[in-house]
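Trainee: what would the 3D arrangement of this be:
(2 chains)
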Number of protein chains: 2
Amino acid sequence: MTHGSTHSQVYRKRLEQLQANLRQKGWQAALVMQPRDLYYYAGTAQPANLWVPDEGDPVLFTRRVHKLAQEATWIDLTVSASGFGEMSRALADLDLSLPSGAILGVEQDVLPYRLVEGLKKNLEGVTLENLSPLVLKQRFVKDDEELARIRKAVELWEKGHEAIMETLAAGVAEYEVAAAMENAARRGGGDGMVWPRRWDSYLPAGGIVASGPNTWEVSGEAMTVTGVGLSQALPWGPSSRRLEAGDLVVVDFALSYEGYHCDMTRTYCVGDPSQEQRDLWERLLELHLQVVDRVRPGVTGEELYLVARGLAEDTGLIYNFMGVGSERGSYIGHSIGLEVDEWPVLGAGYREPLPVGAVITIEPKFMVPGQGAVMVEDDIVVTPSGHEVISTLERELFFR
Amino acid sequence: MTHGSTHSQVYRKRLEQLQANLRQKGWQAALVMQPRDLYYYAGTAQPANLWVPDEGDPVLFTRRVHKLAQEATWIDLTVSASGFGEMSRALADLDLSLPSGAILGVEQDVLPYRLVEGLKKNLEGVTLENLSPLVLKQRFVKDDEELARIRKAVELWEKGHEAIMETLAAGVAEYEVAAAMENAARRGGGDGMVWPRRWDSYLPAGGIVASGPNTWEVSGEAMTVTGVGLSQALPWGPSSRRLEAGDLVVVDFALSYEGYHCDMTRTYCVGDPSQEQRDLWERLLELHLQVVDRVRPGVTGEELYLVARGLAEDTGLIYNFMGVGSERGSYIGHSIGLEVDEWPVLGAGYREPLPVGAVITIEPKFMVPGQGAVMVEDDIVVTPSGHEVISTLERELFFR
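Mentor: Numbering: from 1, shown residues only, chains lettered A, B, ... in the order given. Next comes the predicted model:
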């Protein structure tokens, strides 16, 4: 557990990049309020409003616990202001008020409607635009400090895998497998939770355990193996179904360490896999390795998806690839970092070249009703010479 | 684990009550989108938009997984509509379009700004109002099905307590105590997560473990014992601090079962408590029992708070009650249910009489810098004749 291990120089660089992006857009300022974005720029998720003018020094307006936030942030100027009215008056005192007609970026995808309406009332004549695309595009490329934390999250997954291998047996419930995984990660120093960006998409402690028929039933918002959940309160994720001998079990878990997520999947079998199950797994693994091999600077998410789809066609399993029948996702992975599923999704329509420093998942799956699903998901950083797979856990059809 | 154990009659009654409330407000319809509210009215948290006219039958517009949502809900009319445009056209086909000048209630406290802006574009001439106060006021009173689930959550806490007692020792980290608690609850069939209503307030797996000096350092959004967290990514909750002999340890955990939360706190001591620690605990417990004793239909949250504050004054600990020095909360508890902290907060300014069926917490604490904190939190249902404490775990200063 390290506190404040990220140097202020790293944060300053992030902030200056945001300011350059604001100037390019012709926006006069940004207001960062979402805790994940605050942690990224201010170095702390304490409740605060980070005011970023298009040039010059930022101001951190603390909404509560001023002293703690002040101690935690690298930002020199911190001002206690619990509401937008106080913030607006403080901005005037600092000669930072925006002129009429100015544009302010705010995180319109995550801030509640009423909160933004309250902000508007205190910023008359200012036009609001959605800041999040700028922030998410910047967050897409990770620095060394971020990568180190994702690697630590991968280590937690490896501990979780050991716990799964000790737990896996006929008669054990899906949620008991999840409990073993979660506990190993928590005892290893994990955050004990994961962060989605979507407002309505939850995962219990970060993961899915789906077995037998639950592997091909897609529920909720996601387009993947989702499981069916314990109840209608959370109708995805691990259920109370008890594993049976011969089941395929997909474990798709995100785990967070100091706010950074890994997102990995391995497939398990309860007892010796059948020849049919081994074949299905081998076909998936071959596809997976070929797609991973294509990850390098400049390739697009759409290209990676199309390669994967082509390989699925070649192997005769196109109608079981990334879904079932007509309900199939047209993607092959996504970015990870401060949130489980970060922008962008790597799939049809995403045609920007991958940058060096992006950390992405590649997560193919075959879902075969009546037989089960196989899925593998690795975390990969784009390097100048190609890529490095940072999820180093073996890729095999594990069984016990 | 029960699926669909709540009869459709219960849901229909809830929906009819919402319709009566809409008519009283003079609103023509409500659109329920938040998963917790959907689960409450439609019986499932599957992604959907629930359209509730002020009278007549509701329509569930499924945003995804139509078949699963249809199977899970009691609502007869379900229509697949992935966006607001599709929903708007379907409403027209059903002759349910709102006339110009009509008022539609939506959950403005939790829906993201952009989402509501998108809705507005598809409902020209309709005025939006904030639906959430109506929903939350209705949710304040629990029916038997809801109470049964909260009782199950309390059972999970009792399992967690046993795990804490086995783990508590000098040298154990706060997060290891949390891991033991969380694992016991998860293995007992808990949801493995908790739901806040606030958009920016997270708790790792639902709980706080704070020991020694971390018990009087208040962090984040809450006004309670918060702990300081593992890193600035989540600077509250359990930290990596290792317990020391003689520490007071506050464990404030919410746990969820089929979507319903308990929220309880007990205080532990690492080794035999000193006479000073026992005295502090006894003064808290006496205050607590006197406040709990006042819970009955008709009493207001403000009255309960004022009684508690008066008792804290009498015992000479007013500056350590619900905070430290000038940073003290003016409340004594809150409602619980589908979210950890539900409306209302029982404190200064809340002057409505408690209704029969409300499930509330009473959670006094003394926070003494240099010495530690003691806190106790019980879950209590208001009954016609007074109240019933449903958190039946012993109230003592536990030690090992």
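
Trainee: around chain B, pick out the residues from the stretch 1-150 of chain A.
Mentor: Contact residues, the stretch 1-150 of chain A versus chain B (CB under 8 Å from any CB of the partner chain): A:1-4, A:33-35, A:39, A:43-47, A:63-65, A:68, A:72, A:106, A:108-117, A:130. (C-beta placed from N, C-alpha, C; glycine too.)

Trainee: repeat the analysis, applying 6 Å as the threshold.
Mentor: Taking CB under 6 Å from any CB of the partner chain, the part of the stretch 1-150 of chain A that reaches chain B is made up of A:1, A:35, A:39, A:43-47, A:65, A:68, A:72, A:108-114, A:116.

Trainee: mind checking which of these land in helices?
Mentor: Where these overlap with helices, as defined by DSSP state H, the overlap consists of A:Pro35, A:Tyr39, A:Leu68, A:Ala72, A:Tyr113, A:Arg114, A:Val116.

Trainee: what residues are up against the second one?
Mentor: Read that as A:Tyr39. When contacts are counted by CB atoms under 6 Å, 6 or more residues apart in numbering or on different chains, A:Tyr39 is found next to A:Ala45, A:Gly259, B:Ala233.

Trainee: grab the nearest non-local neighbour of it.
Mentor: Taking CB to CB, 6 or more residues apart in numbering or on different chains, and ignoring the residues beside it in sequence, A:Tyr39 has A:Ala45 as its nearest neighbour in space, at 4.4 Å.

Trainee: quick one: A:Pro238 from chain B, how far?
Mentor: According to CB to the nearest CB, to the nearest Å, A:Pro238 and chain B sit 8 Å apart.

Trainee: doesn't that residue belong to a helix?
Mentor: No - with the criterion set as DSSP: H, G, I helix; E, B strand; the rest coil, the secondary structure at A:Pro238 is coil rather than a helix.

Trainee: A:Val250 reaches A:Trp216, doesn't it?
Mentor: No - judged on CB atoms under 6 Å, A:Val250 makes no contact with A:Trp216 at a distance of 9.9 Å.

Trainee: list residues touching both of these two?
Mentor: A shared contact of A:Val250 and A:Trp216, defined by CB under 6 Å, 6+ apart, is any residue touching both; here these are A:Ala373.

Trainee: which one of those two has more residues nearby?
Mentor: For the pair A:Val250 and A:Trp216, the greater number of neighbours falls to A:Val250 (27 against 23), based on other CB atoms under 10 Å in any protein chain shown.

Trainee: what distance do you get for the closest residue to A:Arg198 other than its chain neighbours to B:Pro47?
Mentor: Counting by CB to CB, 6+ apart, A:Glu221 is the residue found nearest to A:Arg198 once chain neighbours are left out, at 6.7 Å. In this structure, A:Glu221 and B:Pro47 are 5 Å apart, going by CB to CB, to the nearest Å.

Trainee: between these two, which has more neighbouring residues?
Mentor: Shown here are A:Glu221 and B:Pro47; by other CB under 10 Å, B:Pro47 has more neighbours (23 against 18).

Trainee: ok, the more buried one - contacts?
Mentor: Contact criterion CB under 6 Å, 6+ apart gives A:Glu221, B:Arg63, B:Arg64 as the residues in contact with B:Pro47.

Trainee: do A:Gly125 as well
Mentor: Under the criterion of CB under 6 Å, 6+ apart, the contact partners of A:Gly125 comprise A:Ser100.

Trainee: and what of A:Glu158?
Mentor: Neighbours of A:Glu158 in contact, by CB under 6 Å, 6+ apart: A:Leu393.

Trainee: so what's A:Val135 up against?
Mentor: Neighbour list for A:Val135: A:Asp37 [criterion: CB under 6 Å, 6+ apart].

Trainee: ok so it is a helix residue?
Mentor: Yes - counting by three-state DSSP, A:Val135 is part of a helix.

Trainee: tell me the pLDDT of it.
Mentor: Looking at A:Val135, its pLDDT stands at 98.

Trainee: can you check A:Pro235 too?
Mentor: The predicted structure scores A:Pro235 at 96 on the pLDDT scale.

Trainee: name the spans of chain A whose pLDDT lies under the cut-off.
Mentor: Within chain A, the stretches with pLDDT under 70 are A:1-6.

Trainee: at which residues are the helices of the stretch 301-400 of chain A located?
Mentor: Assigned by DSSP state H, counting those that start in this stretch, the stretch 301-400 of chain A shows helices spanning A:301-314.

Trainee: for A:Glu158, see how far away the residue of it found nearest chain B is.
Mentor: Taking CB to the nearest CB, chain B has its nearest neighbour within the stretch 301-400 of chain A at A:Leu338, 8.0 Å off. When CB to CB is the yardstick, A:Leu338 and A:Glu158 sit 21 Å from each other.

Trainee: how many other residues sit next to the closest residue to A:Gly337 other than its chain neighbours?
Mentor: By the measure of CB to CB, 6+ apart, the closest residue to A:Gly337 outside its immediate chain neighbours is A:Arg139, 5.7 Å from it. When neighbours are counted by other CB under 10 Å, A:Arg139 registers 21.

Trainee: can I assume A:Arg139 sits in a strand?
Mentor: No - according to three-state DSSP, A:Arg139 belongs to no strand; its state is helix.

Trainee: tell me, how many residues neighbour the residue in the stretch 51-200 of chain A positioned nearest to chain B?
Mentor: Of the stretch 51-200 of chain A, the residue with the smallest distance to chain B, taken as CB to the nearest CB, is A:Gly192 at 3.6 Å. Counted with other CB under 10 Å, the burial measure for A:Gly192 works out to 27 neighbours.
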